[in-house]
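Chemist: A predicted structure for the sequence below; I have some questions about it.
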Amino acid sequence: MNFLPHFKNEIRTAFALALFDIKLRYRRSIIGPIWLTLSTFIFVAAIGAVYSRVMNIPLTEYLPYMASGYVLWTFFSASIIEGAACFTDATSIIKEMPVNLLLFIYRTILRNLLIVCHNLPILALVFIVFGVSLTENTLLLVPGLIASLACLSIMVTFLSILCCRYRDIAYFLPSVFQVLMLVTPLFWKPEALSGRSALLKDVNIFYHMVEVMRQPLLGNAPSIEHYVYILIFSVILGSFALPIYMRHKKQVALWL
């Protein structure tokens, strides 16, 4: 019974720390976090204009698809890359006082969720200009977000412990996600792969995490298969991640 109030307090603390991180990152900047929106807008506009011609897809169809996928990808990739180093970044706090390590995982995910909110005006503009309307399927964004956040939290929990013990993994992750961004259907349609090559997307958990949120944003209902993949992946990874976290969380301060 005491778990829920305690969890709420930790989320409030993590949210406050996430806001502080964003303010600190753009301290002395004139327009602050708006730089996030501008950089995303430039990237989406440039890639959309070029790739729609390369792939021979009408811009009205391609840009909403690519923009929503890319914005979601930046959230997932940044959360994992930064989450892997969330304990090492908080070394001074962890060594000086007893604190629930999950707080730093919440902090990382919430920080990047707030950053995604700065990019929502871009999606709204793209959807308005190209006539993407809200439908009853848009409500499916909520279960998609919950499923993706749950899976993402398990991934970050696992990697945060792993990267605290083996620091090289944190340096390797950005390179991995550069490759994953290209092999995940963000800038190309999944229909481009068929037969055995379709496994490239089917085994890619980030494709399923993107789709359960991108399709509702585009007014479509995601396939149930995406939720099944996310559930199976979460259960399998969670069966490893949670015992490892519980076993080694007291050793984190010694590894830092």
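Modeler: Structure's in. What do you need? Residues are numbered from 1 along each chain as shown.

Chemist: Could you say which helix or strand holds residue 179?
Modeler: helix 168-183 (DSSP states H and E).

Chemist: contacts for the very next helix or strand once past that helix?
Modeler: Using DSSP H and E, the helix or strand that follows helix 168-183 in sequence is helix 199-202. Identification of contacts with helix 199-202 by Cβ atoms under 8 Å, 6 or more residues apart in numbering yields 183-185, 190, 193, 207, 229. C-beta: built from backbone N, CA, C; applies to glycine.

Chemist: Closest one of these to residue 157?
Modeler: residue 229 (19.4 Å; Cβ to Cβ).

Chemist: Work out the gap between stretch 219-231 and the centre of the chain.
Modeler: 17 Å (Cα atoms, centre = their mean, to the nearest Å).

Chemist: Quick check: which ranges of the stretch 1-150 of the chain have low pLDDT?
Modeler: The stretch 1-150 of the chain contains residues with pLDDT under 70 at 1-7, 27-33.

Chemist: Give me the buried positions along the helix holding residue 179.
Modeler: 170, 173, 177, 180-181 (16 or more other Cβ atoms under 10 Å).

Chemist: Against which helices or strands is it packed?
Modeler: Applying 3 or more Cβ pairs under 8 Å, 6 or more residues apart in numbering; DSSP states H and E, one finds that helix 168-183 contacts helix 59-84, helix 141-165.

Chemist: what would those helices look like in JSON lines with distance to residue 41?
Modeler: Shown next, in JSON lines, are the helices and strands packed on helix 168-183 (distance: least, Cβ to Cβ, whole Å):
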{"stretch": "helix 59-84", "distance to residue 41": "9"}
{"stretch": "helix 141-165", "distance to residue 41": "22"}
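
Chemist: do you know which of those helices lies nearest residue 132?
Modeler: When these are compared by Cβ to Cβ, helix 59-84 sits nearest residue 132, at 4.9 Å.
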